[in-house]
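what's the 3D shape of this:
(2 chains)
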Amino acid sequence: MSSENNGLLDNLLSRFDDAIAKLDSAPTFAKVSKVGRVLDTARRILMQEGGCTAVASRAAQLEKAGVFVGSDWETPAFLIPALTRYSLQSPVAETVIIEALSELRFLGVANGSYVHEHLSAEQARHFLSQVLATNLAMLFTPPSEAERETQGKLSQIPRAVLRHLAEGIGYEHIIDQLIDEIWRILNQRPIQVESAKQMITQIAICQADPNIELAGSGQGADRLISSLYGPTRACREDPGISVYEQRVEAMDDSARLSEASGFARAMHDTGLVSAYHAVFLRAVFEDDDQLMMEALGLTSTGRDSYLCYRTLVKALIDEAVHPQTPQAIYGLALMLERGVLYHPSVAPALWRQLALILSPFSRERLAMAFGEAVSPRSLLLEGVLCMLGQPLGVGQGNNPTCQSARALSMWAYNDPDYLMQMVAWAARDDEIIMHFEGQPISSRESTGGVAETMPMDLDAVSLLVVPHLDRIYAEMGRRCIGREGDPHRWVNPEFHGWWSGRGFRINVDVATGALMEEEEFLRHFYAAYHPYYNGNQPMIHPQPAGIAVTDSAARFIGWHAITLLRVALDTDDVMRVYFYNPNNDSGQDWGDGVVVSTAGKGERYGEASLPFVQFASRLYIFHFDPLERGELARVTEDELQEVIGYLHRSWGKDRLPAAGALQADSGV
Amino acid sequence: MKKDPEKGYIALLGWSLSAVEAAEKFDRRYVVVAPDWAEEYCNTHNIPYIPWNFERLNDRSMEIAETLKDKGVDVAIPLFEETVEWAGAINSVLLNNPRLLGQSMLMRDKSLMKRRAQLGGIRVGIFEEAHDHEDVIRFLKRVNQTLLKLEGDLNDPIHLKAFDKAGCLGHRVIRTPDDVDGIPAEEFPALMESHLDGWEFAVEAWIHNGKIQFLNISEYVTLGYSVFVPASPELESYRAQITQEIEKLIKAFDIEFGVIHPEYFVTSDGTMYFGEVAYRPPGFKVFELLERVYDGFNAYQASMLVFDPKATDEEVAAYFPKPVEDAKAHAGCFGVYPRRRVVSKLEIPEETENHPYFESHELTTPMEEIVTKRTAFGTHWGLVYFVGEDSDEMKRLLKRQEELDYYI
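Alright, predicted model coming up:
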């Protein structure tokens, strides 16, 4: 670096500090007029060598001064890594810069130099690795013609920032970490796989580019990439849909059989389905049931379902499976495996779904979210198959609608025909009516849900049904205003289903937010759910429960809705609670050694689990059957103190926030 | 900041975020009087606010004065040209001094203003009112005859200005009868002035109890394009003479308190010609420039201080810095006009951006691609700010910007 450059950078930095100080001292309403100068000076600094380091070292001051106030970047915990691509490539300098500042802030939090109130180091590192994944191509290649055209000199900045982030985290780890990350997410078998697909595509692009030196990393990506772009021998080199169609036409029986099992293996390995798989199924589904069952990867239960309902299954494939909607295949296969078709009302409900006339509003929303290449009805059917096949793969997206996502998941799991009834009402009639203590609540009449805007980042079923559920849920909450105690006592059973216990227990005093009746609460929970204390009774129905989510530093983040699914011994003979978390990624570090496991401890796809003791320490609401209420469990004092220890070291440590609000937190 | 109930309670007439910010951080109570579009913003941010639409003074003018009086407001400060006569009307009630209204009307009419200055023994150029195109042609001819120009010589230009608009709005330079045809009829009546070759500058003077408390000289590099403060040493060498001129103006207009913003020409022989005077903060963000060079000084707070009838002489004297001496650098700004007819994006010229004096800009990405042709001095697309030590370099830099494309 020449001394002249140094002089320029120093000059800019003193101006930058001055601009930050002006912003800091401005009253909130006047900040908007000071931010421009901060951002513009930051832009010029980021153009200089050493600029990123200089800006990053001021991350805490920048945030404190209010550079993010009033924008989406104000709440870093809710930012979505996939969106960074758009802001970094924006033609508007302010957008690029504020994104850059925000990412440099994450770096500070990730490496511990900036202790952030609402963001843990793990969260920050996690976020950054996804940001780098999403923008891998930008990291390794010079600006494209299009970028130069729209951004001009500005296009240097995202590159400089990404390079700085990558250096901060370590290049060689990025790709491998990213691959681990993708596997970890996929192991939870989410219904929505778009972001995983995008990250895999980025890795594939980097691997194919001879200019990018990956230094031996990225080897573990082969299965991921091939599952999307070349799962079988006949499409190994990603020949394109029409070429592959011709190849299938020309194949003999044994080649087809090998294709079928190749597809099935890839799909069940990853939970991802290749577009070629859809092409294959559409090409062969008229002729050969054996081949179909092989291509779906069915076991004996699934084969039996298939053969009992082959007309329905073929109709479903014809309507829902297209190269643009390959995930429908996975949903279908798992649905057949679950045997839910034997439930008498499910098959006719699927026939209704096949012929459902969607309202113009529903069609529009589906087209807006997923494009128009496939008919809205097919998109919705794909969504229904996926939800029935993967009830624990429902995610709430970036919306405060954990209650609605939980309800959908619970119905898909426990009451599939009821779920389809809801889908029909929402998609066809634009209205859902539920009853609360005998009074009807229409989603059309009650306005104002927990979510302030219509969520878009959801699977097709949630996209149509959640806005209705959200309004009804909020309305039920409103009807409890004035009652003493927590409204979930009444809302949960009415909202989720008859099987939610009418008995209700909470360990937080709603008025003061202070803990109450800790020991009794725990003994009662043990008595109702722990097999050693409830007469070895496995859980029968999924039950709604409330947890206090904490971050990796065990600090309270918010109240969150989950579903209790099972309590059982794991392979190490530890009693674990298996639960469903509507948050998109259940694998979370809740601090103080409480790390939620999603695989390897006996979890089924989509389940999260914790040892009973640790789980109990984060629980604040549970339901039970009041008629079955027995004696409080005589839990040993040691075990009880262990739970209370976890509780007091985390969210129970300080004065607690009021627990009166509905569980609207999206969790983290 | 904590408000001192012993000190004045001030009404700000018109919406200016910088003024509100200054008031919020000052120890005096304040209330914003602005059109109702400001209401939501004020309510959201807990800014004291009274809705009022400033049109021409009318029968309802007393209403706002009474409202403010009932609230206990001591004085009203005009932030824009359009609110000057409102401040006069309101202050004549609040301060029980009917003359203030007449004084403000003088400030709002460029023609009356010049006559008053002339009566006060202040030197002004030749001027006349124009009611139609004919008047303009006649004035153009007569001015050039006076200058002994022959048929075919290049005319000296004349200036045409709206009576009651701020700064350069509606300001046209007329050289030929063809230029006269381009004047839309709705711009009449207007004021015509002879052109003076010389150095144009402006002054901002804070006056308390009829005395100048602080006098800043703003140097124009090119009128309508660029200004910087404090002025260069060459212009500052006239400070004593300029101070005398301002004192004449204070006397002629009978100004007891407030901020005035007059414009002058100084010709090559050192003669000062009065251009016009405004009773409000100057345009081109001169207040912000002053804040940038005088640490701890806020021109809006200074204005609130000199307007406040409860401010003491000691408090006022203690507030102001020493002109020029206390300034840590020169701060200037340049108003950007697109130079091309079709533009698609904003790109700060590289030489500007890399200049050590370049500080910031408030330009935005263009919304329209076709640039409307500029007939009068119009509204610039945004300002670019510079800060640096050397006034010669500042002048060169500001001048140079006129040749650069910001919008391409």
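
beyond the host helix or strand of A:Q177, next helix or strand please.
Using DSSP states H and E, A:Q177 maps to helix A:171-186. Sequence-wise, the next helix or strand downstream of helix A:171-186 (DSSP H and E) is helix A:194-208.

sorry, back to before: helices or strands up against the helix holding A:Q177?
Counting contacts by 3 or more Cβ pairs under 8 Å, 6 or more residues apart in numbering or on different chains; DSSP states H and E, helix A:171-186 is packed against helix A:121-134, helix A:194-208, helix A:222-229. (Glycine included, C-beta is placed from N, CA and C.)

now the second one against helix A:121-134, angle please.
Relative orientation of helix A:194-208 and helix A:121-134, computed by axes from the mean of the first three to the mean of the last three Cα atoms, to 10 degrees: 60 degrees.

the last one now?
Comparing the axes of helix A:222-229 and helix A:121-134 via the same axes, to 10 degrees yields an angle of 50 degrees.

what's helix A:222-229 in contact with?
A:179, A:182-183, A:186, A:197, A:200-201, A:203-204, A:207, A:235-236, A:238, A:266-267, A:269-270, A:272-274 (Cβ atoms under 8 Å, 6 or more residues apart in numbering or on different chains).

which parts of it are buried?
A:L224, A:I225, A:S226, A:S227, A:L228, A:Y229 (16 or more other Cβ atoms under 10 Å in any protein chain shown).

pick the most deeply packed of the helices and strands packed on helix A:171-186.
Highest mean neighbour count of these: helix A:121-134, a mean of 22 (counted as mean count of other Cβ atoms under 10 Å in any protein chain shown).

for residue 105, list the residues it contacts.
In the absence of a named chain, chain A is used. Residues A:A56, A:A59, A:A60, A:L62, A:E63, A:P76, A:Y114, A:H116 are the ones in contact with A:R105 under the rule Cβ under 8 Å, 6+ apart.

could you do chain B instead?
B:E85, B:G88, B:L112.

distance check, B:Q118 against chain A.
41 Å (Cβ to the nearest Cβ, to the nearest Å).

from B:V124, how far off is that residue?
Distance, B:Q118 to B:V124, using Cβ to Cβ, to the nearest Å: 5 Å.

quick one, which of the two is more surrounded?
B:V124 (18 against 14; other Cβ atoms under 10 Å in any protein chain shown).

I'd say the more buried one and B:S111 touch.
No. With contact defined as Cβ atoms under 8 Å, B:V124 does not reach B:S111; the gap is 10.9 Å.

ok so, going back, filter the contacts of B:M105 down to the buried ones and hand me the PyMOL line.
In PyMOL syntax, the buried subset of the contacts of B:M105 is picked out as below (16+ other Cβ under 10 Å):
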select buried, chain B and resi 85+88
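
hmm, back to that, alpha carbons only: can I get the helix holding A:Q177 in CSV?
Taking Å, rounded to 0.1, in the frame of the first residue of the first chain, the C-alpha atoms of helix A:171-186 are listed here in CSV:
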residue,chain,number,x,y,z
TYR,A,171,-11.5,-20.1,2.7
GLU,A,172,-10.9,-23.8,3.0
HIS,A,173,-13.6,-24.2,5.6
ILE,A,174,-16.2,-22.5,3.6
ILE,A,175,-17.1,-25.1,1.1
ASP,A,176,-16.6,-28.1,3.4
GLN,A,177,-18.6,-26.3,6.1
LEU,A,178,-21.2,-25.4,3.6
ILE,A,179,-21.5,-29.0,2.6
ASP,A,180,-21.8,-30.1,6.2
GLU,A,181,-24.4,-27.5,6.6
ILE,A,182,-26.5,-28.6,3.7
TRP,A,183,-26.4,-32.2,4.9
ARG,A,184,-27.4,-31.1,8.4
ILE,A,185,-30.4,-29.3,7.0
LEU,A,186,-31.4,-32.0,4.6
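
so that helix versus helix A:222-229, what angle?
60 degrees.

quick check: buried residues in helix A:171-186?
Buried-residue list, helix A:171-186, by 16+ other Cβ under 10 Å: A:Y171, A:I174, A:I175, A:D176, A:Q177, A:L178, A:I179, A:E181, A:I182, A:W183, A:I185, A:L186.

where in chain A is pLDDT low?
Along chain A, segments meeting pLDDT under 70 span A:1-5, A:137, A:140-142, A:144-150, A:170-173, A:211-218, A:449-452, A:629-630, A:655-668.

in JSON lines: the contacts of B:M105, plus distance to chain A and secondary structure.
Shown next, in JSON lines, are the contacts of B:M105 (distance: Cβ to the nearest Cβ, whole Å; DSSP: H, G, I helix; E, B strand; the rest coil):
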{"residue": "B:E85", "distance to chain A": "28", "secondary structure": "helix"}
{"residue": "B:G88", "distance to chain A": "28", "secondary structure": "helix"}
{"residue": "B:L112", "distance to chain A": "36", "secondary structure": "helix"}
